[in-house]
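*Asks:* Mind looking at a prediction? Sequence and model below.
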Amino acid sequence: MSFGRFVLDDGWFRGRRDDRAGLGDWTVDADVWPDGLHPLVDAVRVHGMQFGLWIEPETVNLAREHPDWLLREPGTLSWRHEFALDRGNPSAFAHLFEAVSRLVTEYALGYVKWEQTRDLLEAVQAGRAAWCTAATSLTPTPPTTACASAP
């Protein structure tokens, strides 16, 4: 049996030790990965595999920093201390796009696992369509993007 791809799942980004922090940052946690993900990426590629990262771009912990980026009615409680990112907000979308672009470029990602764990209907569908359009401009050869939904 052989494997062609290694995907690093939840927990690689700054402060992500529980559901109270980390989502919406998409920055590699220097406390966990002091050399960034480069040593892991290099080890994966030495074995002939493609390296990929998990992201959940519709869910964020940015309520204090950017309350205007959240897709919610005022006074709405969070779900597991997380909110939905309003990707229809140009500033929020720019933040997402810049963060993912930075990762794709720095680590030459061959795969992005886009996980959607919330049913946000039209808002998510519009955001997913915008992302798929924008992803083609990430690099000359954009990474494969897989969309997964939790049951």
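*Replies:* That came through fine. These numbers come from a predicted model, not from an experiment.
*Asks:* what are the ranges of the strands in the protein?
*Replies:* Secondary structure of the chain (DSSP state E): strands located at 5-8, 50-55, 59-60, 83-84, 111-116, 144-149.
*Asks:* Out of those strands, flag the one nearest residue 94.
*Replies:* Closest to residue 94 of those is strand 59-60 (CB to CB; 14.0 Å). Heads up, the C-betas are built off the backbone N, CA and C, glycines and all.
*Asks:* Would you give the sheet partners of that closest one, along with the direction of each?
*Replies:* Sheet pairing for strand 59-60, assigned by DSSP bridges, gives strand 83-84 (antiparallel).
*Asks:* average pLDDT for the strand it pairs with?
*Replies:* Averaged over strand 83-84, pLDDT sits at 76.
*Asks:* Low-confidence bits of this structure, can you list those?
*Replies:* Filtered on pLDDT under 70, the chain yields the residue ranges 1-2, 16-24, 58, 61-64, 72-81, 116-151.
*Asks:* just the helices in the chain please.
*Replies:* 38-46, 90-107, 121-135 (DSSP state H).
*Asks:* buried set for the shortest one?
*Replies:* Translated: helix 38-46. Residues 40, 41, 44 are the ones in helix 38-46 that count as buried (16 or more other CB atoms under 10 Å).
*Asks:* Which residues are in contact with the first one?
*Replies:* For residue 40, the set of contacting residues under the criterion of CB atoms under 8 Å, 6 or more residues apart in numbering consists of 8, 33, 51.
*Asks:* Count residues in the vicinity of the first one, would you?
*Replies:* Spelled out, that is residue 8. The number of residues packed near residue 8 is 18, by other CB atoms under 10 Å.
*Asks:* my read: it touches residue 54, true?
*Replies:* Yes - with contacts counted by CB atoms under 8 Å, residue 8 reaches residue 54, the gap being 6.5 Å.
*Asks:* Quickly list what's touching both of these two.
*Replies:* Contacts common to residue 8 and residue 54, judged by CB under 8 Å, 6+ apart, are absent.
*Asks:* And residue 98, how close does it get to residue 30?
*Replies:* From residue 98 over to residue 30 the distance is 19 Å, taken as CB to CB, to the nearest Å.
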